[in-house]
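Participant: Below: sequence and its predicted model.
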Amino acid sequence: MAEAKLSAAQRSKIRRLSVPAEMSPEDEAGEINIVPFLDMIINILMFVLATVAVVFTSTIETSPPSSGGGKVRVERTTPSLNLTLVITNDGATFKASGGNISTGCDSVGAGMTFPSKGKDASGEPVLDADAITACARKLKDSSPDFKEETQIRITASNGISYRKVIECIDAVRKDKSGNDLFPDVLFGVPR
């Protein structure tokens, strides 16, 4: 069978019917193209996921040092230890209400209680955490009046890393058997 040829009028009618009709204003608002919006959201999500750093943190309960004028002072009838641990580039030293604790934690006197054992790879002083714990236990046991004392102030010189301060906090909070030494840590400011 041979194909029938279309007349000029038929071709014109087909062309006229195949041209899309203009949409009315109501028809244009009926369909929303959300593909570009979804592309943008996925790109933003990928950027956020790529730049978010996962950080695991732990907290240590501490109290900020008081400014001195905010609290009413209570006179103590028993002596207190008022222990402070000062961390410097040369080592660590304990200071108590009776004075500086001498080298080796033997008595009250001059000197660094725990001279550093050198410097580590980052230039930080190497401290003996076991000796700090043993000295804190010795000071707490030195008088029955100090048994109930739970506070210690820790002060660090500029340039001492946060890691070194946390090592010292861990050393004075509990002894090797898990008994509390000085769990209430206050931070002091070096002068």
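Facilitator: Arrived safely.
Participant: what stretches of the chain score poorly on pLDDT?
Facilitator: For the chain, the stretches flagged by pLDDT under 70 are 1-2, 23-31, 53-78, 190-191.
Participant: Now do the helices in it.
Facilitator: When assigned using DSSP state H, the helices of the chain occupy the ranges 8-18, 25-28, 35-51, 129-141, 162-173.
Participant: a markdown table for those helices, including mean neighbour count and distance to Ala92?
Facilitator: (Glycine included, C-beta is placed from N, CA and C.) Output for the helices of the chain, formatted as a markdown table (neighbours: other C-beta atoms under 10 Å; distance: least, C-beta to C-beta, whole Å):
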| stretch | mean neighbour count | distance to Ala92 |
| --- | --- | --- |
| helix 8-18 | 9 | 90 |
| helix 25-28 | 8 | 76 |
| helix 35-51 | 9 | 39 |
| helix 129-141 | 18 | 6 |
| helix 162-173 | 17 | 6 |
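Participant: which stretch among these comes nearest Gly91?
Facilitator: helix 129-141 (10.1 Å; C-beta to C-beta).
Participant: residues contacting the residue lying closest to Pro125 once chain neighbours are set aside?
Facilitator: Computed as C-beta to C-beta, 6 or more residues apart in numbering, the closest residue to Pro125 that is not its neighbour in sequence is Ser116, at 3.4 Å. Taking C-beta atoms under 8 Å, 6 or more residues apart in numbering, we find Ser116 in contact with 89-91, 125-127.
Participant: any idea how far Ser116 lies from Leu85?
Facilitator: Counting by C-beta to C-beta, to the nearest Å, the gap from Ser116 to Leu85 is 14 Å.
Participant: How many residues are close by the closest residue to Glu149 other than its chain neighbours?
Facilitator: Residue nearest to Glu149 in three dimensions, not counting chain neighbours: Leu81, with 5.2 Å by C-beta to C-beta, 6+ apart. For Leu81, the count of nearby residues is 20 (other C-beta atoms under 10 Å).
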